Each structure stands twice: as C-alpha cells, then as structure tokens.
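**Q** no sequence for this one, just the structure:
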C-alpha cells in the first residue's frame, strides 16, 4: 500500500494547495506525442519498451498532437521537417513542453558545418525545456531528461511569473 | 562475364563512332558516351540478348569544377564554364557482368535525356542528381527536388561553388 493510500485509509483527507495538485497531476501524466525522426527515435522507443518502461513516469505515446503534453524531438531536424515540427507544436494544447533529444536536435550535431539540409538546433523553431545530450542518448539519459522536466513542472506556479 | 573492353568493342561495332566519345580504358574503367545518343545506347544495352543490363545499380552526378576558378573579394569562389559528369553503373543479373558509363555535360547548362524510361529505378536517382547538382533530365516524368524543400531557392548544394543561404522561411540556416 502506497503512502497516499495509507493516509487516505486513516484520515480520508489530504490537504494540499491547488498549485501542488495541478503540478502533481501534470508531471505524472506527461503524455508524449508519438513522433520520432532518426536514430534517437530508436532509443526513445527502447525507453518506452518494457525494459526501461517510460510508462512508470506516466509517459504514454499519443497519436494526435491535440492529446499530447510533451514532444520529444528525437533526431535530425531537416529544414523540410522543421516546418512540420513547428506546426505540430502549435497544434498541441497548453501547457506543452519540448524535450530536445540528442546532438542533432540540440545543435545540429555532426551536420553543424556541412549539413546544408539540417536545422542547427530545434530551438530555432520551438522553445525547448530540456536538452538531453548524447549521440544518441541512452535510455537512462532520456529518463533523466524527463525527471528534469518533472522538476521544472513541479516548481511551476499559477500566479508567480518565473524569473529565469 | 564480359569485361568493359568487350562491351566497348560491341558498342563500337554496333554504333557509328559519333555515338561514343573517346574512351581510354587504360586510364579508367568507364565508357564515355555522348549526351545526344545516351538513351539509344541504354536501350541497346538493356535489350540486346547477350548483354541484358537489366539493373541500374547507381546513377549519380559530379561537379568536376574543372573550369576557370574565380575568387571574389569576399573570398567566395565560383567557376566559369567547366563540366558536370553523370555516371551510370549497370549490371546484368543474368550474366553477372557490370559496366560503368559516363556522359560529360556543360556546367552552365547541364541537360541530358532521362533513362527512367529504360530503368524505372532511375526516376528517384535522377531527382537526386537534379536536386543536389542541378542536372536537368529531359522527359523525366516528375523532376522535383527530393531532399531539399520544394521551394528551395539557394541552388544545388553539391555544386562546388554553393553557398548556404542566410535564412530559409525565417529560420537561420548557418550554424
């Protein structure tokens, strides 16, 4: 029996604030847009599979941007794809978060100099919350990236404007 | 199995000398053809019973950058004239022999007839050569860019004097 269940069992009441409740709900159900671009997507799929089990963090792949909370940009963003990514991001409902996974989507990676068709970092078209380094990052690294994002969501506030 | 020399001999016997460019097999293993008759020779290679080149392994283009090199004041280079070569690598699945073909085109106006009517697989190869080098394949059924965006205006990236544009649709392109 979990701690929360135990508390409910004894007193039937949990006291919290609205912010805490909203953040708790959001960070534990970060539904992901089912979307992969390159070799990083293979690691992302491995993270979703049983061995690493992304689902234990509440990350479920959704097939529509309308139902997604986070988008993991996993792979090389070509100029052609960048326009599509921007549109997909705009189709997601707020609040929405972006994880940039791997060197390519962080900064262009191996294509930084001669990649005439590659956007040098997905942060040129959408705002990125967490950068996960690696080429490609191991599933553990992506999990840590998600935990970082959860920390960020946990500290969000309805009223206070965040000062970076 | 036939060697490239055998193929060259067969072609020389079947076509007039005006079809084949001068080929020295001691220098390279590639038979050079003239652009105007390429299509005819390709059909011949495919349909002749003893040759049967039914598989186009590869089609690619190379900017030879052999023209006069001009360096502008800002350090950017460009080429006057020069040539672009298109390479074809053929294989016969029945006879297991291969041959390399080449045509040399004018760099200022590289035009060649398509071979997608000879080998259907040439379709996308020719689109790639058009996209990256800028070779125009005449009578191609669908000559669009294949890798770069359709509205790409900065030219053909594998040309030796290509320069990255500063922006594409509001996105900064250089690092």
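**A** In hand now; what should we look at? Values in this document were obtained by computation on a predicted structure and should not be read as measured data.
**Q** which parts of chain B sit against chain A?
**A** Taking C-beta under 8 Å from any C-beta of the partner chain, the part of chain B that reaches chain A is made up of B:147-149, B:157, B:162, B:164, B:168-169, B:171-175. Just so you know, the C-beta spots here come from the backbone N, C-alpha and C atoms, and that holds for glycine as well.
**Q** which PyMOL command selects the buried ones in those residues?
**A** Under the burial definition 16 or more other C-beta atoms under 10 Å in any protein chain shown, those of these that qualify are selected in PyMOL by:
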select buried, chain B and resi 148+149+157+162+168+173
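**Q** quick one: which of the residues of chain B next to chain A sit in strands?
**A** Those of the residues of chain B next to chain A mapping onto strands are B:168, B:171, B:172, per DSSP state E.
**Q** the residue in chain A that chain B sits nearest to: neighbour count?
**A** Nearest residue of chain A to chain B, counting by C-beta to the nearest C-beta: residue A:116, 4.0 Å away. Neighbour count for residue A:116, taken as other C-beta atoms under 10 Å in any protein chain shown: 22.
**Q** quick one: it and residue B:159 touch, right?
**A** No. Contact criterion C-beta atoms under 8 Å: residue A:116 and residue B:159 do not qualify, at 10.7 Å.
**Q** next SSE downstream of the least confident helix or strand in chain A by mean pLDDT?
**A** One helix or strand of chain A scores below all others by mean pLDDT, DSSP states H and E: helix A:3-11, with a mean of 69. With elements assigned by DSSP states H and E, the helix or strand that comes after helix A:3-11 is helix A:18-27.
**Q** average pLDDT for that following helix?
**A** Per-region confidence: helix A:18-27 scores 89 on mean pLDDT.
**Q** name the residues that touch it?
**A** The list of residues contacting helix A:18-27 from outside it, by C-beta atoms under 8 Å, 6 or more residues apart in numbering or on different chains, reads A:16, A:58, A:69, A:95, A:149, A:150, A:153, A:154, A:155, A:156, A:157, A:158.
**Q** switch those residues over to a markdown table; also include neighbour count.
**A** Below are the contacts of helix A:18-27 laid out as a markdown table (neighbours: other C-beta atoms under 10 Å in any protein chain shown):
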| residue | neighbour count |
| --- | --- |
| A:16 | 9 |
| A:58 | 17 |
| A:69 | 23 |
| A:95 | 11 |
| A:149 | 22 |
| A:150 | 20 |
| A:153 | 21 |
| A:154 | 14 |
| A:155 | 12 |
| A:156 | 14 |
| A:157 | 10 |
| A:158 | 9 |
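**Q** nearest to residue B:40 among those residues?
**A** Using C-beta to C-beta, residue A:69 is the member of these that lies nearest residue B:40, at 61.0 Å.
**Q** which residue, other than its chain neighbours, is closest to residue 82?
**A** Went with chain A since none was named. residue A:119 (4.5 Å; C-beta to C-beta, 6 or more residues apart in numbering or on different chains).
**Q** I was after chain B.
**A** Closest to residue B:82 by C-beta to C-beta, 6+ apart is residue B:67, at 2.6 Å.
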